[in-house]
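after the sequence you'll find the predicted model.
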Amino acid sequence: MPRDFLSAKVKNVPPSGIRRFFDIIATMKDVISLGVGEPDFVTPAHIIQAGVQSLADGRTAYTSNSGLLELRQLLAAHLERLYGVRYDPETEILITVGVSEALQIALIATVDPGDEVIVPEPCFVSYRPGVVFAGGTPVTVPTYFEDDFQLTSKRVSKALTRRTKGLLLGYPNNPTGAVMTRSGLEEIAALAEEHDLVVYSDEIYDRLVYGIEHTCFAALPGMRERTILLGGFSKAYAMTGWRVGYVAASAAIAKEIRKVHQYAIMCAPTVSQWAAVEALRAGEPDVQRMCAEYDRRRQVIVKGLNAIGLTCFEPRGAFYTFPSIQCTGMSCEEFSEKLLYEEKVAVVPGSAFGDCGMGFVRACYAASMENIEEALVRMGRFVEKYGR
């Protein structure tokens, strides 16, 4: 009998809590899915055409490891225009295979065995495993419904030890839709400076905010040199399948992250990078149009969830709601499974995003208005049946 060849650190990480429900959905018909975290819009036609044209023009070779210079230049101008933060496109921006790769290679390049990385929860499912795969130790810090899921500097302070290397932020937040206030981020920034922390700031939903402004963490005073800014095209431009993201960081940090990227990936897909060039050149009207529609859906689903007894705070970013299901007396796993089988509505158990997500579910409003309204009818019937 051969020995166990598998890595203990990988074996000890559970599979994604989201995927099990998607596997069940795949076996069922007529399910209204509020579970998948991606736009229901097709990539705008001019962006698709730019990708097609790049193939027709024979642009099928590798790009630079860092990505197309034209794309990096446009991205640098984009970040400066929106947030006033400047990056050198030659040395400080790296194009990646989505933000998923961006986060993983950033962690690998900066985390040593024994290092601790603070991870606020609820959070995207890959955050804690990403720290583990990089050899570090994730230290979770809870956020709560009562605080609109805002991360507080006080809770971060309590989690700090002499081994703390960094802090992983994800705002606007998946799964809660929370957006940190600027003052709240400034308090976190003061802690990062005081304790000399690197901050990984996942801002993939930066363009999807409603009635407020997004604060780019790297643009806060003194934060550019200690922040690894992560972003991409998947959400705002409806380009999830194109897999284009980026890392922006100081030249010294970006150099080492690029090294990991070189050996692991080589470069992001060339056709996707040309599509991203078009997105930055001419995609702003599309972003505004889709964001306005998400806002319309957001208002309908938040009002509807509260009306049927699933208490929900107002999410101000991304395209998720995170309602409490306490009125049913069920666990979030039981609620999600019964709702799926009995009413054919798919949501994600809050526990998939961390222990403090228990008692909640994630419902995504990147679905048609028709489907959202029908889902609310079905969920209302379900809550009426099981509500206490």
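Happy to help now that I have it.

ok, A159 - how many residues close by?
16 (other C-beta atoms under 10 Å). C-betas here are computed from N, CA, C, even on glycine.

so it is in contact with P138, correct?
No. Between A159 and P138 there is no contact, the gap being 10.6 Å when judged by C-beta atoms under 8 Å.

which neighbours do these two have in common?
I118 (C-beta atoms under 8 Å, 6 or more residues apart in numbering).

would you map the strands across the stretch 251-388 of the chain?
All strands of the stretch 251-388 of the chain, identified by DSSP state E, counting those that start in this stretch, fall at 320-321, 345-346, 348-349, 361-364.

got a list of contacts for the longest one?
Surrounding strand 361-364, the residues in contact under the criterion C-beta under 8 Å, 6+ apart are 33-37, 175, 301, 305, 319-323, 325, 332, 335-336, 347-350, 352-353, 375.

what comes up buried for that strand?
Neighbour-count burial for strand 361-364, counted by 16 or more other C-beta atoms under 10 Å, picks out V361, R362, A363, C364.

please name the residues that touch G231.
Residues counted as contacts of G231 (C-beta under 8 Å, 6+ apart) are V99, A102, D202, E203, I204, D206, G245, Y246, A248.

7 Å - rerun?
Residues in contact with G231, defined by C-beta atoms under 7 Å, 6 or more residues apart in numbering, are V99, E203, I204, D206, G245, Y246.

and it, what's its pLDDT?
Here the pLDDT value assigned to G231 is 98.

same check on M28?
pLDDT for M28: 78.

that one: how many residues sit nearby?
In terms of burial, M28 registers 11 neighbours under the definition other C-beta under 10 Å.

ok, it to E343 distance?
As defined by C-beta to C-beta, to the nearest Å, M28 lies at a distance of 12 Å from E343.

what backbone torsions are found at L82?
Main-chain dihedrals, L82, degrees, to the nearest 10: phi -80, psi -40.

and it, how many neighbours?
Around L82 there are 14 other residues, counting by other C-beta under 10 Å.

what separation is there between it and R298?
From L82 across to R298, the span is 21 Å (C-beta to C-beta).

hmm, back to that, in helices only, show me the contacts of G231.
Assigned to helices by DSSP state H, the following of those qualify: V99.

okay, and which of the contacts of G231 map to strands?
Assignment to strands by DSSP state E places the following of the contacts of G231 there: G245, Y246.

straight-line length of stretch 245-258, end to end?
When the termini of stretch 245-258 are compared using C-alpha to C-alpha, to the nearest Å, they are 13 Å apart.

so what touches that stretch?
Contacts of stretch 245-258 (C-beta under 7 Å, 6+ apart): 65-66, 75, 79, 87-88, 91-99, 101-102, 105-106, 109, 225, 228-232.

could you turn the buried ones of the residues you listed into a PyMOL selection?
The PyMOL command for the buried members of the contacts of stretch 245-258 (criterion: 16+ other C-beta under 10 Å) is given here:
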select buried, resi 65+66+75+79+87+91+92+93+94+95+96+97+98+99+101+102+105+106+109+228+229+230+231+232
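
which of the contacts of stretch 245-258 fall within strands?
Assignment to strands by DSSP E places the following of these there: I93, L94, I95, T96, I228, L229, L230, G231, G232.

G98 and S272, how far apart?
Between G98 and S272 the computed distance is 9 Å (C-beta to C-beta).

common neighbours of these two, please.
Contacts common to G98 and S272, judged by C-beta under 7 Å, 6+ apart, are R243, V244.

after the helix or strand bottoming out on mean pLDDT in the chain, which helix or strand is next?
Each helix and strand of the chain was given a mean pLDDT (mean pLDDT, DSSP states H and E); the minimum falls on helix 19-25 at a mean of 72. Secondary structure here is assigned by DSSP states H and E; on that basis, the next helix or strand after helix 19-25 toward the C-terminus is strand 32-33.

what strands line up against that following strand, and which way round?
Strand 32-33 has the following sheet partners, assigned by DSSP bridges: strand 345-346 (parallel).
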